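Enquirer: No letters, just coordinates:
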C-alpha cells in the first residue's frame, strides 16, 4: 500500500508538473506569435491559458483589436477589469475599445474613472473639458459627400497621395506572394490610379517595379512637381528586432525611372519613422515616429531641408498636436496652411480619427479640430489628403460596409473645418473698478487651463492689452496685477470662443489705505478666498497682495490668529484630492511663515472635495467656472475670545 501511495504521488506530481509546463509553454509560444504579429495563433493560445494575468489580457485584447474584432477586444478587457489588478492606462484602453463598439455611454463612465486616477494626462483633461463631445461629432456634416472608390480590393488599400495633377498613388496588399503574419495578406506595394469622374479612382496598376521590394513598401509622398518621393518601407539590409519602418528618399531620373531609395539620416535602429507628407517644393516634411523624447506612442515631427539640400534635425510638434496616444498619417496642405493627421489620443469617435490644425504665420498650431461624421467613425479613419478646390480628397478607413480590409474613400464638400480651425485674439482694457479709468503699468498674465504661463503684457496709458494666436478650446485665465490694487482673475471659457476676437475688460479694486479701528473690527471682517488652477497648488501672483495684507494685519495684532481651509474640485479620487488640498494649504502656510508669521498662529485644515460651495460632486457635470469655485483656500480671523470659546 505504501508503495502504491508513493507511486501515485509520483504520478500526481508528474501530472501537475506537466500541466504547469504545458501552460508555460503555451504562454511563451503565444508571446512569440504576438511579437511576430501572428495574432490569430496568439489568440488561440492566450485563450487556452487557465490563469491569465494582466499582461495576457492586454496582449489578448490587442490581438483581437489588430484582427478587427473590437467586440472581443472590449469583452476581454471587461474580464480583466472585473478581476482587479489593472492600471489607470488599462481603464483608458477599455474605454477606447468600448468606443470602437459604439458604446459611448459606457466608454464615458470608464473615461471618468481614468480621469480621476490620472488627472494630469492630456487625454483626461481634454475629455473632462467636454465629456459629451460624442453627440456633436456623430452629427454628419451635410456638406460632405463620401463614397468608396472603384479600385478598392478585398485586401488592404490605404495611404493615398497625390502624384502630379491627375494621379493618386496608394498602398495595397492586393498582390501575390509572401504574406504578412499581421493580417495574412501579401506584403504591401505601391500602386497608382487615375482620378476619374466624381472624384473616383480608376485603372489601378503597380507604380514602379524598381520601388516595390519583397517586404512592405508604402505609403509614399511626393513634391508638387512629382520629382521627389519619400516612401515608408521595412528596413532592408539590417537585422532589427521588430520589423521597423524607415523613410527613404528617391528622385525621378531622366529615363523616367526612380533612383534607388536612400535612407534618411534621422532614421534609427531603435524606433520607426514613416507616413511622410511633403510641401509642394519638397523642402518641408512632416512624418510620424516613436523616436525617444516624444509625448506618447508615435508623434508627428517636422523636418526642413537646408540650403545644402540635406535634411536637418526633426522637431516634435509639441503638446498641442501630440498626446500620450498615437498621432500618425499627417498631410500638409501648404497652400491652405493646414495640417491634417490621425490620432487616438484626442477626443474622437473611436480608433483613429482624423483631425485638422491651422498653421500660424510663426509656425504655431491651432488646437486640433475633429472632422466628425461622415469623415470619422467608431473605426480607424486615417490617411486623409485634401485639395481646396471643391473641398475634395481621399481618406482611408476600415469602417463597416467596405470592400475589404482598409478601403479608400473619395469625398467632396469638406469645408466646415475652416471656420473651426482658427486662432483667437484676446483683448481688453484694464480699469480702476471704482472710477472706470484705464490703468497704465498693470501687468496682465495669460495662462492656459492647466495654469501654465503663456505670455505677459504691460499696459500703457490706454490700459489696453492684447494676446494673439490663441488656439486652445479648453480656455484660459487672465491675471491682472498692479501695485496698490487687489489682483483680478478673469476666465476665458469655451462659450467665449465663438468669435475670433474675444473682448474682456479687467477691473482692479484699489487697496484702501484706511484700516479698521481695532482688532475687534477685524474679527467681523470677511476675507475673500484665493483660487487655484486645475490640479495645481502654487499661489498665483495675483493673490500675493491679498496674502501680504493678511501678513500686515497679523503683525499689527499679535493676539490674532488665522484659520486656513483648503479645498479641491471633484475631478480626481478622494484620496488624491485630500493630498492636493493639503499641498494647497501648506503653500499658504509657507508663504505666511516666510513672511515672518509664526506657524502657531495658523489654524490649518484641508478637506479635499468634501465641502463644495455648489453641487459639483462626483457624477455631476459642471462648467469650468463652477469647478473653479471649489478649487479654493478660505480664510477667517480667529480672535482671542474665539480661542476661549474653543
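Expert: Received the coordinates, thanks. Predicted model, so just to flag it, every value in this text is computed and none were measured.
Enquirer: So what's the residue count around residue 50?
Expert: If you count neighbours by other Cβ atoms under 10 Å, residue 50 ends up with 8. Any C-beta I mention is one placed from the backbone N, CA and C, and that applies to glycine too.
Enquirer: which SS state does the residue nearest to it when sequence neighbours are not counted fall under?
Expert: Among residues not flanking residue 50 along the chain, residue 23 sits closest, at 6.3 Å (Cβ to Cβ, 6 or more residues apart in numbering). Of the three states, residue 23 takes helix according to DSSP: H, G, I helix; E, B strand; the rest coil.
Enquirer: so what's the residue nearest to residue 564 when sequence neighbours are not counted up against?
Expert: Take residue 564 and drop its neighbours on the chain: the residue closest to it by Cβ to Cβ, 6+ apart is residue 604, 4.8 Å away. Shown in contact with residue 604 (Cβ atoms under 8 Å, 6 or more residues apart in numbering): 564, 585, 586, 589.
Enquirer: before we move on, what SS does the second one have?
Expert: Read that as residue 585. Per three-state DSSP, residue 585 ends up helix.
Enquirer: just the helices in the stretch 501-646 of the chain please.
Expert: Secondary structure of the stretch 501-646 of the chain (DSSP state H, counting those that start in this stretch): helices at 519-523, 544-556, 574-594, 624-630, 640-645.
Enquirer: out of those, nearest to residue 377?
Expert: helix 624-630 (29.7 Å; Cβ to Cβ).
Enquirer: list the buried ones in that closest one?
Expert: Within helix 624-630, the residues that count as buried by 16 or more other Cβ atoms under 10 Å are 624, 626, 627, 628, 629, 630.
Enquirer: Include distance to residue 352 and pLDDT when you put the residues you listed into a markdown table, please.
Expert: Converted to a markdown table, the buried residues of helix 624-630 look like this (distance: Cβ to Cβ, whole Å; pLDDT from 0 to 100):
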| residue | distance to residue 352 | pLDDT |
| --- | --- | --- |
| 624 | 28 | 76 |
| 626 | 33 | 85 |
| 627 | 31 | 87 |
| 628 | 34 | 86 |
| 629 | 38 | 89 |
| 630 | 36 | 94 |
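Enquirer: could the contacts of residue 604 be laid out in JSON lines, adding pLDDT, neighbour count and distance to residue 31?
Expert: Output for the contacts of residue 604, formatted as JSON lines (pLDDT from 0 to 100; neighbours: other Cβ atoms under 10 Å; distance: Cβ to Cβ, whole Å):
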{"residue": "564", "pLDDT": "96", "neighbour count": "20", "distance to residue 31": "54"}
{"residue": "585", "pLDDT": "96", "neighbour count": "21", "distance to residue 31": "49"}
{"residue": "586", "pLDDT": "96", "neighbour count": "16", "distance to residue 31": "47"}
{"residue": "589", "pLDDT": "96", "neighbour count": "17", "distance to residue 31": "52"}
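Enquirer: how many other residues sit next to residue 40?
Expert: By the criterion of other Cβ under 10 Å, residue 40 has 14 neighbours.
Enquirer: Actually, residue 428.
Expert: Around residue 428 there are 20 residues (other Cβ under 10 Å).
Enquirer: how far out from the middle of the chain is whatever helix or strand it lives in?
Expert: Assigned by DSSP states H and E, residue 428 belongs to strand 424-432. Distance, stretch centre to chain centre, for strand 424-432: 30 Å (Cα atoms, centre = their mean, to the nearest Å).
Enquirer: Who are the packing partners of that strand?
Expert: Using 3 or more Cβ pairs under 8 Å, 6 or more residues apart in numbering; DSSP states H and E, the elements in contact with strand 424-432 are strand 464-470, strand 476-481, strand 501-503, strand 506-510.
Enquirer: Tell me if I am right that residue 233 is in a strand.
Expert: Yes - counting by three-state DSSP, residue 233 falls inside a strand.
Enquirer: Confirm for me that it is in contact with residue 216.
Expert: Yes - judged on Cβ atoms under 8 Å, residue 233 makes contact with residue 216 at a distance of 6.0 Å.
Enquirer: Can you pull out the low-pLDDT segments for the stretch 1-150 of the chain?
Expert: 1-22 (pLDDT under 70).
Enquirer: Would you map the helices across it?
Expert: 2-35, 39-48, 54-66, 70-82, 88-100, 104-117, 122-129, 133-138.
Enquirer: how about CSV for these, with distance to residue 388 added?
Expert: Formatted as CSV, the helices of the stretch 1-150 of the chain follow (distance: least, Cβ to Cβ, whole Å):
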stretch, distance to residue 388
helix 2-35, 44
helix 39-48, 40
helix 54-66, 35
helix 70-82, 35
helix 88-100, 31
helix 104-117, 33
helix 122-129, 28
helix 133-138, 23
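Enquirer: that older thread, will you turn the helices and strands packed on strand 424-432 into CSV that also has distance to residue 576 and mean neighbour count?
Expert: Below are these laid out as CSV (distance: least, Cβ to Cβ, whole Å; neighbours: other Cβ atoms under 10 Å):
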stretch, distance to residue 576, mean neighbour count
strand 464-470, 30, 18
strand 476-481, 22, 22
strand 501-503, 33, 13
strand 506-510, 33, 18
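Enquirer: Please name the residues that touch the residue nearest to residue 50.
Expert: Per Cβ under 8 Å, 6+ apart, neighbours of residue 23: 49, 50, 51.
Enquirer: Please report how far it lies from residue 84.
Expert: 21 Å (Cβ to Cβ, to the nearest Å).
Enquirer: cool, and residue 622?
Expert: Distance of residue 622 to residue 84, given as Cβ to Cβ: 30 Å.
Enquirer: Settle it for me: which of these two has more neighbours?
Expert: More neighbours surround residue 622 than the other of residue 622 and residue 84, with 18 against 7 (other Cβ under 10 Å).
Enquirer: how about the nearest residue to that one, chain neighbours excluded?
Expert: Residue nearest to residue 622 in three dimensions, not counting chain neighbours: residue 616, with 4.0 Å by Cβ to Cβ, 6+ apart.
Enquirer: Next up, the contacts around that neighbour.
Expert: Each residue near residue 616 by Cβ under 8 Å, 6+ apart is listed here: 569, 570, 622, 626, 627, 629, 630.
Enquirer: at 6 Å what do you get?
Expert: Contact analysis of residue 616 by Cβ atoms under 6 Å, 6 or more residues apart in numbering lists 570, 622, 626, 627, 630.
Enquirer: cool, and residue 235?
Expert: With Cβ under 6 Å, 6+ apart, residue 235 has these contacts: 244, 246.
Enquirer: Residue 160 is in contact with residue 394, correct?
Expert: Yes - using Cβ atoms under 6 Å, residue 394 is in contact with residue 160, at 4.2 Å.
Enquirer: quick one on the thing from earlier: how about the buried residues of helix 624-630 in CSV, adding distance to residue 340?
Expert: Below are the buried residues of helix 624-630 laid out as CSV (distance: Cβ to Cβ, whole Å):
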residue, distance to residue 340
624, 29
626, 35
627, 33
628, 34
629, 39
630, 39
